[in-house]
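Enquirer: just the structure for this:
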Amino acid sequence: KIDRHRHVSTLPVTMQLTMPSVRCPLGTLVALLLAPACVYGQAAPVCAQFSSAGIDYADANLSVITIPGHGSDAKSACCNACSLNANCTIAMFRPKDHPILCILKGSAKHPIKGRTVVALARAPPPPVFRFSNVYSSHMVLAASPKQSMVWGFCKTVSETVTVKFGGSMLSATVGWRAPGVATWFVTLPLTKPGFTPVTIVATSSSGASATIDDVLFGSVFIASGQSNMAYGLNGTNGNAIVHPPVNNSIAEFAAMKNYPYIRLYRAGKVAASNATFELLPATPPGDNPPVAGWTAPCTDGLCRVDFSALAWFFVRDLYDALDAKQMSQPIGIVGTYVGGTADELWSSHEALSKCLDPRKPEPSADSSLWNGMIVPLLNMTVNGIIWMQGEADAGHPGGQYDGYNCTLPAMIRDWRAQWHVGTGGATDPAIPFGIAQLNSVANGSVYDRPVDPTGGDPFNTKFGYAGLRWAETQTHLTVENTFMAVILDTPDRPTPTPINGVPGADEGFNVHSPFKQPAGARLARAALPVIFGVDVDTVGPVAGAISTTSEGYVVSIEQCGSGPGVELHNTVGFEVLVNDGRQGFTWVSSPVVAHSAQSVTIGRVPGNPTKIRYLWYSNPCGEGQYGCAVYVSAQSIGSELGEMDFLPLRPFIADL
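Expert: Purely as a prediction, here's the structure:
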């Protein structure tokens with residue numbers, strides 16, 4: 001959660017100690033690989049605070065010390081105790097305990113569910129020779145026409161590092177990434193997509209070596225956002241099972257084994273005050289042990305049901321659609337997401353500076369997830385990014401400063417620029433970016449002639465999620481190479497359902513819908529023409545020109561595809577803005593009275609109408625699935641299980 005006014009994060013995640021940040025042209029550590037002349041920052045303190053909620057560590061205690069004082073004094077005392085113990089790498093204390101106990105540990109490799117803690121971590125020793133942890137066996141690297149980079153750590157820059165790839169021996173570039181942290185990197189030759197695994201071996205002149213095998217080449221994606229992206233197939237949020245499993249879960253779990261050439265990586269949750277080198281290992285997903293590195297969807301009978309359901313259905317449906325077009329290739333996806341987080345946390349300071357009020361100090365709490373969960377990925381060549389987020393920003397969809405209509409486009413452009421630099425130009429400077437528009441929440445809207453004192457401001461927060469969806473639409477329309485899926489007709493069930501065996505734990509009308517298959521399918525459909533040049537007939541209908549006739553207002557429907565065209569699921573959803581002279585500006589519901597293959601007609605409204613809008617509430621389509629008014633027929637894009645044969649008209653507001 002985040003305080004919108006103070007910009008103070010209360011994330012239930014860990015703050016990872018980082019090495020000193022590097023001040024490079026783009027403000028990220030990643031540029032160091034490409035700009036060795038960057039000036040290093042000052043040395044970091046021995047200890048750095050990080051906090052977590054509901055997390056403890058099962059690692060053995062070195063010692064338990066009673067410390068005096070409270071607040072910052074207690075933190076300093078605990079930090080100093082760790083710094084004086086040569087074996088201590090993490091020190092934890094519970095600030096509400098009396099007396100306060102400082103617990104020193106030699107490692108923090110085994111997070112478990114526990115009480116709220118505040119901890120202080122010590123700088124780790126220099127890493128051994130290895131690959132960075134974003135590279136592991138069973139991964140997918142980007143295939144030609146892109147080039148992939150791999151990198152890792154060594155003890156000193158005096159080492160010579162070679163990388164064996166296929167029949168080639170490649171010389172790696174070695175340099176200081178930060179004081180005391182030496183790294184090596186190499187750009188691999190262009191490699192065609194294919195299903196034959198390869199082995200990559202890095203060898204140091206010190207005699208050390210590191211190997212990753214079963215590496216495939218294909219397309220690589222990033223999936224990011226908040227809780228509806230984090231929603232796992234089994235209902236986990238990455239820490240525990242807190243949602244019902246996805247719809248038709250038994251069949252979906254069983255089907256995962258049919259996709260051995262899709263590879264998954266789930267990042268651990270970490271909010272960092274400085275840019276970090278690597279991702280934190282994934283936390284336990286709720287009912288299975290955490291999985292480190294890349295894996296196939298199922299290994300030894302255990303399937304990755306902890307992974308983002310939306311991300312899984314997206315790549316699964318892409319895979320099926322490409323296979324149907326004889327364009328089969330491996331697909332890898334990195335899930336890096338945290339529930340309850342605003343987009344500011346995922347944005348760099350450079351991006352935020354374009355949208356925050358220059359008369360106010362830049363909030364220090366922002367950019368923490370950018371630092372901890374995006375920066376470590378910037379050297380990995382990727383083919384596209386998908387994003388589902390916005391619930392935490394619904395209170396400020398528009399505005400010159402701090403509005404989602406500014407922060408989302410700024411974040412997209414910044415991610416693109418920094419990924420392009422971080423991969424030496426291998427990642428497209430206009431990397432395709434997909435948006436899953438906000439779903440619905442709560443019970444159905446009443447359409448009861450609401451007063452609108454703004455006279456039709458599309459970002460008016462009175463109407464719930466509508467303004468945020470409009471900000472997403474405007475981002476899609478104004479930022480090149482973006483694609484979007486409309487999913488507001490797939491809300492949560494209206495009745496209580498079990499969570500992890502507890503009857504009625506999900507009370508219904510939740511913001512977290514288990515119907516993730518249509519969301520993934522629609523996002524995959526939208527991605528296919530943008531990323532792969534595949535004709536999908538239509539990615540969804542949009543409103544075109546509006547005219548007035550004796551029968552009413554005729555809304556032309558564009559991008560209907562080659563099928564039968566418009567189909568109605570009900571007649572409610574359109575409203576017309578009038579000024580009745582008593583209450584002022586009022587939105588009057590006007591039902592659909594007729595339709596053709598490429599238009600709908602809504603009834604006339606007395607008065608002096610000035611605007612028309614469609615689906616302008618948090619839940620505008622009712623309690624069930626697929627209950628919006630206007631759809632168009634759509635041809636299936638592959639053999640996926642979740643796509644229906646129709647697509648909804650997206651929300652809009654327009655002048656009459």
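Enquirer: show me where the stretch 101-250 of the chain has strands.
Expert: Counting by DSSP state E, counting those that start in this stretch, the segments of the stretch 101-250 of the chain that form strands are 111-113, 117-122, 130-131, 140-142, 149-154, 161-165, 168-171, 173-178, 181-187, 194-204, 209-225.
Enquirer: buried deepest among those, which one?
Expert: Most buried of the strands of the stretch 101-250 of the chain, by mean neighbour count (mean count of other C-beta atoms under 10 Å): strand 140-142, with a mean of 26. Any C-beta I mention is one placed from the backbone N, CA and C, and that applies to glycine too.
Enquirer: and S137, what does it touch?
Expert: Shown in contact with S137 (C-beta atoms under 8 Å, 6 or more residues apart in numbering): T211, I212, D213, D214, V215, G293, W294.
Enquirer: for V441, same thing?
Expert: V441 neighbours (C-beta under 8 Å, 6+ apart): E391, G464, Y465, P491, D492, F509, N510, V511, S618, N619.
Enquirer: separation between D214 and K516?
Expert: For D214, the distance to K516 equals 28 Å [C-beta to C-beta, to the nearest Å].
Enquirer: pLDDT-wise, which helix or strand of the chain ranks last?
Expert: Within the chain, no helix or strand scores below strand 39-40, which has a mean of 23 by mean pLDDT, DSSP states H and E.
Enquirer: name the SS class of the residue lying farthest from the centre of the chain, please.
Expert: Going by C-alpha atoms, centre = their mean, the residue of the chain most distant from its centre is S550, 47.4 Å out. Look at S550: counting by DSSP: H, G, I helix; E, B strand; the rest coil, its state is coil.
Enquirer: report the contact partners of it.
Expert: So S550 contacts nothing (C-beta under 8 Å, 6+ apart).
Enquirer: could you find the closest non-adjacent residue to P429?
Expert: Leaving aside its sequence neighbours, P429 sits nearest to H420 (C-beta to C-beta, 6 or more residues apart in numbering; 4.3 Å).
Enquirer: picking that back up, take the contacts of V441 and write them to TSV, including pLDDT, secondary structure and distance to A240.
Expert: Below are the contacts of V441 laid out as TSV (pLDDT from 0 to 100; DSSP: H, G, I helix; E, B strand; the rest coil; distance: C-beta to C-beta, whole Å):
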residue	pLDDT	secondary structure	distance to A240
E391	95	helix	19
G464	92	coil	28
Y465	95	coil	26
P491	94	coil	23
D492	93	coil	19
F509	87	coil	22
N510	88	coil	16
V511	91	coil	17
S618	95	coil	27
N619	95	coil	27
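Enquirer: how many residues are close by H569?
Expert: Taking other C-beta atoms under 10 Å as the criterion, the count of residues near H569 is 17.
Enquirer: mean pLDDT for the strands of the stretch 101-250 of the chain: which is lowest?
Expert: Note on the strands of the stretch 101-250 of the chain: strand 117-122 shows the lowest mean pLDDT, a mean of 57.
Enquirer: distance-wise, check G403 relative to A342.
Expert: G403 sits 12 Å away from A342, going by C-beta to C-beta.
Enquirer: and those two? Which one has more around it.
Expert: A342 (27 against 18).
Enquirer: the more buried one contacts E391, correct?
Expert: No - A342 lies out of contact with E391 (C-beta atoms under 8 Å); the separation is 9.3 Å.
Enquirer: for the helix ranked longest in the chain, enumerate the helices and strands it packs against.
Expert: When the chain is parsed with DSSP state H, its longest helix is helix 404-422. Judged by 3 or more C-beta pairs under 8 Å, 6 or more residues apart in numbering; DSSP states H and E, helix 404-422 is in contact with helix 349-352, strand 433-436, helix 466-478.
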